[in-house]
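1. what follows is a predicted protein model with its sequence.
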Amino acid sequence: MRRVLLVLSATVLLAGSAQSPAAAEAGAWQRALDEIVALGAAGVQAHVRTPAGVWDGSAGVVQLGRPEPIPAGSRFRIGSITKTITATSLLQLVGDGRIGLDDSVAGWLPEYGIDPRITVRMILGQTSGLLDYLNGGAGFAPMVGDTYADIRRTWQPPDFVRWATGKPLKFAPGTGWGYSNTNYIVAGMLIERVSGLPYHINVYARITVPLLMFRTGIPQTFDHILGPHAHGYYDYGGGLIDVTDQNPSYVWAAGGIVSSTGDLHTFLTGLLDGRLLPPHLLNEMRAFRHVNDSYGYGLGLYEFRMNDHGCVAYGHNGYVNGYSSLALRSPDGRHSLSLSVTDAASNNFSAALDRFVETAMCTP
């Protein structure tokens with residue numbers, strides 16, 4: 001099977017619903033979550049919707065050393081699923097006629113030395129050529145995310161952009177594809193420059209509040225997770241430590257949002273059903289560039305090809321230290337999945353997690 005999740009961690013819940021899937025189906029899903037925990041995850045929670053019904057499941061514990069299961073509706077750090085929300089927010093401003101997809105980014109942010117060939121479309125589609133400050137970000141002392149102290153301090157987004165524009169481009173703008181968190185720091189700065197409002201206010205006003213996503217927060221520099229949540233863990237080389245509390249400024253508009261499995265389902269459904277963007281911009285978002293045999297990338301949105309039998313899903317995966325996540329929906333809307341894994345001792349559970357995702361998304 002092709003890898004769907006890239007780098008992933010998760011957390012899962014069991015709750016009743018008006019319409020439940022067949023007992024055999026739900027039992028298989030629960031056994032899959034139990035296997036993920038047995039292979040090294042601290043916890044996993046998932047929200048699944050199929051033609052058979054709705055299922056919420058979980059396995060593992062809320063915190064290592066404590067027996068409590070993960071509470072229903074728990075929040076978690078969604079990592080790069082934030083990018084789909086950021087892309088949607090910027091595309092809403094495009095829809096308002098306040099900025100164009102083919103505008104030069106340098107025209108809007110002239111003070112950062114951004115190559116004038118780079119357009120808004122290239123930033124959202126990961127084709128700008130800007131280097132990723134998080135992966136290969138040598139030049140920061142310490143490298144961003146390299147120590148726990150590093151993810152507790154407050155970073156300024158322009159510093160990441162200035163670092164990237166001080167380095168050669170990975171490729172000429174528009175001629176290649178390269179996943180870069182720097183692109184989405186730039187996208188967040190564009191949202192602020194164009195709208196005249198802070199990034200988080202745009203997201204609250206135009207996405208989370210209209211969709212009633214009340215378990216979703218954009219914490220900026222606040223380092224706690226409010227409400228019920230599972231703890232995440234990371235090994236910086238001296239053994240596991242609890243990294244639940246971290247300052248999201250190190251990922252900001254590229255990965256700083258906190259949410260829940262239910263809210264991620266609500267967001268992806270609202271987006272793909274056309275409640276957030278007009279049809280022509282939703283089509284732009286879903287104009288996927290072929291990256292490899294496993295996935296393509298549009299504007300802040302992946303097209304995952306999950307097996308050899310034509311099973312496709314739209315969405316995004318996410319990772320920050322201690323937390324992995326995934327939000328998917330089938331093109332016809334009949335299948336959807338959102339999940340979080342809280343990391344612990346190993347990533348040996350990746351194959352088991354992929355099997356669970358494929359079963360939930362690809363079984364007729």
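-> Received, thanks.
2. burial measure for the residue nearest to residue 104 when sequence neighbours are not counted, as a count.
-> Taking CB to CB, 6 or more residues apart in numbering, and ignoring the residues beside it in sequence, residue 104 has residue 116 as its nearest neighbour in space, at 5.1 Å. The way it works is simple: take the backbone N, C-alpha and C, and place the C-beta from them, glycine included. The local packing count at residue 116 equals 12, with neighbours defined by other CB atoms under 10 Å.
3. separation between residue 116 and residue 128?
-> Using CB to CB, to the nearest Å, we find residue 116 at a distance of 12 Å from residue 128.
4. can you pull out the helices in the stretch 1-150 of the chain?
-> In order along the chain, the stretch 1-150 of the chain carries the following helices (DSSP state H, counting those that start in this stretch): 23-38, 82-95, 105-108, 120-125.
5. can you check the stretch 151-300 of the chain too?
-> Going by DSSP H, counting those that start in this stretch, the stretch 151-300 of the chain shows helices at 157-165, 181-195, 199-203, 252-255, 261-272, 279-285.
6. any common contacting residues for residue 116 and residue 128?
-> Common contacts of residue 116 and residue 128 (CB atoms under 8 Å, 6 or more residues apart in numbering): none found.
7. returning to that earlier point: least reliable of the helices of the stretch 151-300 of the chain by average pLDDT, please.
-> Confidence, taken as mean pLDDT, is least for helix 157-165 of the helices of the stretch 151-300 of the chain (a mean of 94).
8. list the contacts of that helix.
-> With contact meaning CB under 8 Å, 6+ apart, helix 157-165 is reached by 109, 112-115, 130-133, 137, 139-140, 144, 180-182, 185-186, 188-189, 249, 252-253.
9. do the same with stretch 238-251
-> Stretch 238-251 is touched from outside by 63-64, 77, 79, 82, 134, 144-145, 148, 150-157, 181, 219-225, 229, 231-235, 255-258, 320-322, 344-345, with contacts defined as CB under 8 Å, 6+ apart.
10. show me what counts as buried in it.
-> Along stretch 238-251, these residues count as buried under the neighbour rule (16 or more other CB atoms under 10 Å): 243, 244, 246, 247, 248, 249, 250, 251.
11. do stretch 96-112 as well
-> Taking 16+ other CB under 10 Å as the basis for neighbour counts, the residues of stretch 96-112 that come out buried are 99, 101, 104, 105, 106, 108, 109, 112.
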